[in-house]
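Asker: Below is the structure, and that's it, no one-letter string:
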């Protein structure tokens, strides 16, 4: 069979579609695994798809005080989550045409815009839990920002650009690149950032909505119907995007398609899902080993992430790290 | 002629071990004998040229002998004083145990302080000073009181952290040397001094600053002196005398060794400025704190801080006469501070308290040690004809011939301030004609104490009026070693 | 390909695998020091110290293997025995006898302490960066990390108010100095290194004795009661 080459634009669309289609699968798989580890039967792996289908059929209830922002927020967030996969190495080792549209900082801004629009949509409903959730989310999001910045600086110092493709290429280049402290520190710091941004232990209990500790879960309490479906889907996509960044840039940038052939690109999809599931296994282990931090102690967690990120930069500054 | 160094190495240690097991009277006698022997040996080393022993591990040049004499003298007089002073309360067994531990510790402490000037090399120097720290920390805590416990913990913690920095300084100095000598070599002094001119300047500067910070912690330089007033006031008085008179001097010796190498590597300006900064701070703070003391021994502790400041400032003057003054000051301060602490011990024995507000009419109560204490305090204030007058005179005259002569003026002002603080005490507690508190009769508590103080004052007078020719010679040679000469 | 076109400015040289691994081990030492800032229980502090000493011994073995300095094997073995086994045993036994285990004894909150420690470490890194240090045995960032360990150890002693934390702070200062000596003085004669280690042992014994005296006197391990002597 002759190798079929895909056009770069097609690969780009395929990247977005991968994230969109398979995000709920990853979510469901992790939830199922977590339940199994805890000794329960757990939901079906495809459960999130059924949930989304059900939600799209339901009606939307809008609070009296809400305005157009209430509806626009989830849609804007979903659009942002559609844009980000264009910029990051999801399936391929080489940058795609639109990949130069934004670097890590640009991707970070777009993700931040998504989070902001969800928070605003929640805050302007006037519901107490939604406002609680959005204010907490914004605060802790601000606290984790310095760490993300310093991780970006580390990537920039190592590869002289801050496009994620080059960091991945550098990591693939030789063993010495993987072992160097800056890479390890930045990877570890980003791991903590992902823990924080996807709302997992020790920052937030992913599985329930406890009033004392919920941050991201609270923001979506006022939405219903298709808007709620978009929010859930978007949050699953955000989770997969962050996993992709963690895996394909820092931890395990192997298994990506090196060429444009259809076979290589299609093989990259299950490779990605396997790796994402592996990250999910690690997160499940953390979930079941540690307890959630009390809210005011989350600053300790942020400080630890910041420490790792800044050490990465310092080690590079002295030359050779 | 290395045998005397070996005897100095072995004798006090052996005596310490014997004191632990032997009956108390034997221990006391041996301590006095050992002190006298060490002093005699040190004096015998005065006219000698550089002595080596034990295959090069021990080395006594002029600078070492100066400090060895200071340590040995105070060892001998403190032994005398301790025999008269140490009378522990409690039943026979407790008292005997305390006695044995105390005298064993005293000998061990003096042994470690005698070691530091005569070992060869920066590494062994660090080891010796670390040994002095651990032994003295245990001795500070030997009187089981709240104050002693607190002082001992502060002392061991702060001094050990300082010595950690000093270890880093030693390692950095090793690195400076490794640029000339390669990867593996030992840190003996003659080797480093010979090649110091080729060491990288930045590294040596860092090493010197770390050494001043680290060993300065043990010397009592401000701002790392915070353990000093507590430890010197809460320790048993013989130990306080040794701490103030000898241990601070030995730590200064360590800084001087680093100074020797640094001067040859980067020139005299940088180390002098560093020492000047710390010296001025110590002198100023010591003088200021002196005025507000209520505790007798704490007063003398701050006076030690002040005098260490004077030593550091003296080293920062360019004239060689100032360096001679500094070395003479080391000897004179040992004698004077020792005598002052002996007198304080006598007063505390008599009146039962260290609180100066409750002590009145000291001269009346203690017909011998009282006036001698007053003389010792005046000697500390640089009154002629005592040794400290001569040494401070040399320092100030060296300072006045320095281009930055304003510093000498500041020194004189601050010393005057300190004088005011400390003579206030002596007039308040000792010279008032108040009647004695109930229950105290006039008379000495022990002849040994009087004897120790008398020896100290005689030594001070000799140093002030006419130092022996060989001693002056030794001081000049040591000053020459410290300068940019060989 | 765009990859080569974009990488116009040449990236800084990559360290070799060997120096990368050794830096990573030195990094573990530094991170353990930071973890001590957070550890609330005295027991966990001592375990962290034991782990840090293990990392230092591993670093010594690594330097011995890659730089062919066989004396360092002996040193690594001795420091393992002393700092990983003996010293924690002494302090843990004191804790057992004292039957006291303090919860947090920090003077500041943990996040503030970490930020302060980061600021100090940055200072340490900059100071080391300005020195002309070129070592054959370990790369320069390891010296920066050693300086940071020393400075954070000082912070630990200053900002904690119980004797065990302060003692562990002092011990970890010695660890930092050991790492620094591995960087710049790997060839220090063995007898000197052994002398340093035994001196440390004696110091540890004295620390233990004084901690017991303190506990016997004040019935607590906190240093807040040490406020009689002022001025």
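Answerer: That came in fine, so what should we check first? Small disclaimer: the values here were computed from a predicted structure and weren't measured.
Asker: going forward, measure contacts between C-alpha atoms and count neighbours the same way
Answerer: Noted.
Asker: For the chain, give me the ranges with low pLDDT.
Answerer: Just going to use chain A. Residue ranges of chain A with pLDDT under 70: A:1-3, A:162, A:207-209, A:319-321.
Asker: My question was about chain B, not that one.
Answerer: B:1, B:183, B:437-440, B:484-486.
Asker: mind giving me the domain ranges of it?
Answerer: With domains defined by automatic domain parsing, chain B comprises B:1-118, B:121-267, B:280-486.
Asker: Turn the ones you listed into JSON lines, columns for distance to chain C and mean neighbour count.
Answerer: Formatted as JSON lines, the domains of chain B follow (distance: least, CA to the nearest CA, whole Å; neighbours: other CA atoms under 10 Å in any protein chain shown):
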{"stretch": "domain B:1-118", "distance to chain C": "12", "mean neighbour count": "21"}
{"stretch": "domain B:121-267", "distance to chain C": "4", "mean neighbour count": "23"}
{"stretch": "domain B:280-486", "distance to chain C": "8", "mean neighbour count": "21"}
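Asker: Of those, which is nearest residue A:79?
Answerer: domain B:121-267 (57.6 Å; CA to CA).
Asker: How far does the closest one sit from its chain's centre?
Answerer: Distance, stretch centre to chain centre, for domain B:121-267: 13 Å (CA atoms, centre = their mean, to the nearest Å).
Asker: Stretch B:348-367 too?
Answerer: Worked out by CA atoms, centre = their mean, stretch B:348-367 lies 26 Å from the chain centre.
Asker: Any regions of chain C where pLDDT drops low?
Answerer: C:1-15, C:101-104, C:231.
Asker: Kindly report the residues of it close to chain B.
Answerer: C:131-132, C:154, C:166-167, C:170, C:173-174, C:177, C:180-181, C:184-189, C:192, C:195-196, C:199, C:202-203, C:206-207, C:210-211, C:213-214, C:217-218, C:226, C:228-229, C:231 (CA under 8 Å from any CA of the partner chain).
Asker: Let's see the ChimeraX selection covering just the buried ones among the residues you listed.
Answerer: Buried members of the residues of chain C next to chain B can be picked out in ChimeraX with the line below, counting by 16 or more other CA atoms under 10 Å in any protein chain shown:
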select /C:154,166,167,170,173,174,177,180,181,184,185,186,187,188,189,196,199,203,206,207,210,211,213,214,218,226
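Asker: Which of the residues of chain C next to chain B fall in strands?
Answerer: Per DSSP state E, strands hold no members of these.
Asker: how about JSON lines for the domains of chain B, with distance to residue C:88 added?
Answerer: Shown next, in JSON lines, are those (distance: least, CA to CA, whole Å):
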{"stretch": "domain B:1-118", "distance to residue C:88": "27"}
{"stretch": "domain B:121-267", "distance to residue C:88": "18"}
{"stretch": "domain B:280-486", "distance to residue C:88": "36"}
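Asker: which one of those lies closest to residue C:149?
Answerer: Using CA to CA, the nearest of the domains of chain B to residue C:149 is domain B:121-267, at 12.2 Å.
Asker: tell me the helices in chain C, going along the chain?
Answerer: Assigned helices in chain C, in chain order: C:2-6, C:17-38, C:42-67, C:71-79, C:87-98, C:110-129, C:140-159, C:163-184, C:190-218 (criterion: DSSP state H).
Asker: Now do the SS call for residue B:68.
Answerer: When classified by DSSP: H, G, I helix; E, B strand; the rest coil, residue B:68 comes out as helix.
Asker: again, but for residue A:88
Answerer: coil.
Asker: So it is in contact with residue A:99, correct?
Answerer: Yes. Residue A:88 lies in contact with residue A:99 (CA atoms under 8 Å); the separation is 6.8 Å.
Asker: By proximity to chain B, which residue of chain C wins?
Answerer: residue C:187 (4.5 Å; CA to the nearest CA).
Asker: you'd agree that residue is up against residue C:69?
Answerer: Yes. If you go by CA under 8 Å, residue C:187 and residue C:69 touch, sitting 7.4 Å apart.
Asker: Tell me who's in contact with the closest residue to residue B:443 other than its chain neighbours.
Answerer: Nearest in space to residue B:443, with sequence neighbours left out and distances taken as CA to CA, 6 or more residues apart in numbering or on different chains, is residue B:366 at 5.4 Å. Residue B:366 makes contact with B:347, B:442, B:443, B:444 under the criterion CA atoms under 8 Å, 6 or more residues apart in numbering or on different chains.
Asker: cutoff 10 Å now
Answerer: If you count contacts by CA atoms under 10 Å, 6 or more residues apart in numbering or on different chains, residue B:366 has them with B:343, B:346-347, B:350, B:372-373, B:430, B:441-445, B:450.
Asker: Would you list the phi and psi of it?
Answerer: phi -120, psi 90 (degrees, to the nearest 10).
Asker: What of residue A:261?
Answerer: phi -70, psi 150.
Asker: Could you count how many residues lie near it?
Answerer: Residue A:261 has 16 neighbouring residues, counting by other CA atoms under 10 Å in any protein chain shown.
Asker: Which strand residues bridge it?
Answerer: residue A:5 (DSSP bridges).
Asker: before we move on, back to that, do you know which of the domains of chain B lies nearest residue A:103?
Answerer: domain B:121-267 (41.7 Å).
Asker: mind listing what whatever residue of the stretch 151-300 of chain A ends up closest to chain B touches?
Answerer: Using CA to the nearest CA, residue A:181 is the residue of the stretch 151-300 of chain A that sits closest to chain B, at 24.7 Å. Residues in contact with residue A:181 (CA under 10 Å, 6+ apart) are A:187, A:311-312, A:315-316, A:320-321, C:15, C:19-28, C:141.
Asker: Check residue A:291 too.
Answerer: Residues in contact with residue A:291 (CA under 10 Å, 6+ apart) are A:201, A:202, A:203, A:204, A:205.
Asker: Kindly recompute the last result at 8 Å.
Answerer: A:201, A:202.
Asker: ditto for residue C:132
Answerer: B:202, B:203.
Asker: what ranges do the helices span in the stretch 101-250 of chain B?
Answerer: Ranges of helices in the stretch 101-250 of chain B, per DSSP state H, counting those that start in this stretch, are B:122-140, B:146-181, B:189-195, B:201-219, B:228-234, B:237-242, B:248-266.
Asker: Leaving aside the residues adjacent along the chain, what's closest to the residue nearest the centre of chain C?
Answerer: For chain C, residue C:172 is the residue whose C-alpha lies nearest the centre (CA atoms, centre = their mean; 3.5 Å). Leaving out its chain neighbours, the residue that sits closest to residue C:172 by CA to CA, 6+ apart is residue C:153, at 6.3 Å.
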